[in-house]
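Chemist: let's see this in three dimensions:
(chains A and B)
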2 protein chains.
Amino acid sequence: MNTQGSSGHRVAVIGAGSWGTTVAHLCAQNVETTIWARQADIANVIANEHINPAYLSGCELSESLGATTDIEVAVAAASVVVMGVPSHGFRTVLADLVGHLRPGTPIVSLTKGVEQSTLLRMTEVIAEIAPGHPAGVLSGPNLAREVMAGHPAGSVLAFADENMAASLQSCFARPTFRVYVNGDVIGAETAGALKNVLAIAAGMVDGMGFGDNTKATLITRGLSEIARLGTQCGGRVLTFGGLAGLGDLIATCMSPLSRNRSVGEQIGRGRTIEEIVSEMNMVAEGVKSARPVWEKSVELGLDLPIVEQVMRVTHEGVSAQDALVALLDRPVAHELDW
Amino acid sequence: MNTQGSSGHRVAVIGAGSWGTTVAHLCAQNVETTIWARQADIANVIANEHINPAYLSGCELSESLGATTDIEVAVAAASVVVMGVPSHGFRTVLADLVGHLRPGTPIVSLTKGVEQSTLLRMTEVIAEIAPGHPAGVLSGPNLAREVMAGHPAGSVLAFADENMAASLQSCFARPTFRVYVNGDVIGAETAGALKNVLAIAAGMVDGMGFGDNTKATLITRGLSEIARLGTQCGGRVLTFGGLAGLGDLIATCMSPLSRNRSVGEQIGRGRTIEEIVSEMNMVAEGVKSARPVWEKSVELGLDLPIVEQVMRVTHEGVSAQDALVALLDRPVAHELDW
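Modeler: Down below sits the predicted model:
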């Protein structure tokens, strides 16, 4: 039923990776939705066979999801554009499509992480490349395969204008995919960028053989570091305790599938970062982010001990054991001493 | 080295269960510490063999930890009393010892949960039975065996007078047991009482076969319910995001050893609450708390959907599947719509 939904929206999802495809599949069950894939073979199997074996093998996609390799076709009639491309390609792809957008079309980022060269958040990139287009994010504990399997999950749709977020909620929400409105774009986006650094620390806890207490303590103190840095960057503190903050942090720190957690686990077992990175075809986001995040904290005069140790382990050859000793050597103060 | 520590404190720990014994073991390495056990055989093996096989089999206790069955001997010289007895015996044991305390001796509760007959928190019981004695709590993600094994963990020591907490910190803190000061007794204690209800819901998620997304979403939305109720009861919102709140909640919702999580897991697999309870020699705390907690939320005009469903599942025979449908049927609103 490739018809326009009751809300009258038309969604264009840009990028046919696992999460972009999943979000497009969700939207297509609500409103008319087209996904843009760079590769013709991927666009073809999505449009004709309703599958994306390269990224979501074994999953059936909504039959009403359209697909194209023509970015103008994808976005020209869209009332909302969803960006599902990695941070390193975000600016270029957005520049390619912005000229084809209708005025004022909102743009939703699915991308977690900052642009490496500028350290900008994705909505800041949107503001530069597509001024006049409201920029928001969809973020939460959302592993593509679990969402495709219909496991209940929640996510936050954040726009500075909460009414905008509320008006788009019905494009994304499904019975098992609950979409909460939040007005704090900076908080949701900052949390998403920082969680991968903490996931490395969580993996180290696993690799060193510690249990649930240690993991829970690490996540809690790590969330405190995210919130301290994130509020200094303009986020609101309660957002960090929500689905885009805490929710995503827990899932990333717990999931055996998290690349960043896995890097930390290997470090915890005594492997060097050089050995680990040499075997990866793509450097894990948290490894790339650790130093700029730590530098930002120093610039702001904040003391983020877990972030600092992840940076030292991933960039200065410090061992997991020495990082642990450094953390435990610190004086303990007030829990809320920010 | 059964000598007085540099801080000059003398600690009496009342109750030789697994957590009381663990805390006594931590304290004994810092300051002169005596544990009170009701049973002579337990006091004897602690004092003479430095073990407590009934509650911590295989663990070696500090040789400097003293033990007695005489509650007057235990507390008469104490500068701080630590209550490690279950909620149902808390009032009686405290009444037995209060006459032997030096004036103004602070009392620290290790007990999570409320008094069933009165719904009072333990520090409220202390205020009734031992007025004039400052009442605090030590609470966090602290599984006794993991702490005994030296796995790093953190905990919150909360007194309304933060200077009191700061002055007692060194009694409890060890290199791998980090004790943070907090002034919010109500928040720390309320969080500890509510987490067991949420742990049942987390177990249901496990029993129904859902993954990390669903668990992370449940914990995050559950924490929001704890914080909404806890702040109405006088707690401070950030305490719920700290070690006594979030930290303990994560550990309890994740640990295979949690009794409450295990009850939920069995419900999630389709067993009835009657079957489960009939096999337990002691009803899990979360089952007992679910109805009074829900009633309190109704009285305060709060909408706590997860707490409500746990109550219906544990007291009204609702199935896990129907509880899930009820949760997913609800309208989704603003994330921070309290």
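Chemist: how about the strands in chain A?
Modeler: If DSSP state E is used as the criterion, the strands of chain A fall at A:10-14, A:32-36, A:66-68, A:80-83, A:107-109, A:135-139, A:153-159, A:177-182.
Chemist: can you tell me the average pLDDT over the third one?
Modeler: Just to be clear, that refers to strand A:66-68. What strand A:66-68 shows for mean pLDDT is 98.
Chemist: can you check the first one too?
Modeler: Strand A:10-14 comes out with an average pLDDT of 98.
Chemist: got it, and the fifth one?
Modeler: Average pLDDT, strand A:107-109: 98.
Chemist: what of the fourth one?
Modeler: Model confidence over strand A:80-83 averages 98 on the pLDDT scale.
Chemist: mind saving the C-alpha coords of that strand as PDB?
Modeler: Taking C-alpha atoms only, strand A:80-83 is exported to PDB below (Å, rounded to 0.1, in the frame of the first residue of the first chain):
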ATOM      1  CA  VAL A  80      11.000  15.100   5.700                       C
ATOM      2  CA  VAL A  81      14.500  13.900   4.900                       C
ATOM      3  CA  VAL A  82      16.300  11.300   7.100                       C
ATOM      4  CA  MET A  83      20.100  11.200   6.900                       C
END
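Chemist: any chance of JSON lines for the strands of chain A, columns mean neighbour count?
Modeler: Just so you know, the C-beta spots here come from the backbone N, C-alpha and C atoms, and that holds for glycine as well. Converted to JSON lines, the strands of chain A look like this (neighbours: other C-beta atoms under 10 Å in any protein chain shown):
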{"stretch": "strand A:10-14", "mean neighbour count": "27"}
{"stretch": "strand A:32-36", "mean neighbour count": "27"}
{"stretch": "strand A:66-68", "mean neighbour count": "21"}
{"stretch": "strand A:80-83", "mean neighbour count": "26"}
{"stretch": "strand A:107-109", "mean neighbour count": "28"}
{"stretch": "strand A:135-139", "mean neighbour count": "28"}
{"stretch": "strand A:153-159", "mean neighbour count": "28"}
{"stretch": "strand A:177-182", "mean neighbour count": "24"}
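Chemist: could I get the ones you listed in TSV, plus columns for distance to A:Ser167?
Modeler: Written out in TSV, the entries for the strands of chain A read as follows (distance: least, C-beta to C-beta, whole Å):
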stretch	distance to A:Ser167
strand A:10-14	13
strand A:32-36	16
strand A:66-68	22
strand A:80-83	9
strand A:107-109	12
strand A:135-139	11
strand A:153-159	9
strand A:177-182	10
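Chemist: so who does A:Gly183 touch?
Modeler: If you count contacts by C-beta atoms under 8 Å, 6 or more residues apart in numbering or on different chains, A:Gly183 has them with A:Ala158, A:Phe159, A:Ala160, A:Asp161, A:Glu162, A:Ala165.
Chemist: residues in contact with the third one?
Modeler: What that stands for is A:Ala160. Taking C-beta under 8 Å, 6+ apart, we find A:Ala160 in contact with A:Pro134, A:Gly136, A:Gly183, A:Val185.
Chemist: residues touching the first one, list them.
Modeler: A:Pro134 is in contact with A:Gly104, A:Pro106, A:Ile107, A:Phe159, A:Ala160, A:Asp161, A:Met164, counting by C-beta under 8 Å, 6+ apart.
Chemist: out of those, what pair is the most spread apart?
Modeler: Farthest apart among those by C-beta to C-beta are A:Gly104 and A:Ala160. That separation is 14.2 Å.
Chemist: JSON lines for the contacts of A:Gly183, including distance to A:Gly247 and pLDDT?
Modeler: Below are the contacts of A:Gly183 laid out as JSON lines (distance: C-beta to C-beta, whole Å; pLDDT from 0 to 100):
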{"residue": "A:Ala158", "distance to A:Gly247": "13", "pLDDT": "98"}
{"residue": "A:Phe159", "distance to A:Gly247": "19", "pLDDT": "98"}
{"residue": "A:Ala160", "distance to A:Gly247": "21", "pLDDT": "97"}
{"residue": "A:Asp161", "distance to A:Gly247": "23", "pLDDT": "97"}
{"residue": "A:Glu162", "distance to A:Gly247": "19", "pLDDT": "96"}
{"residue": "A:Ala165", "distance to A:Gly247": "17", "pLDDT": "97"}
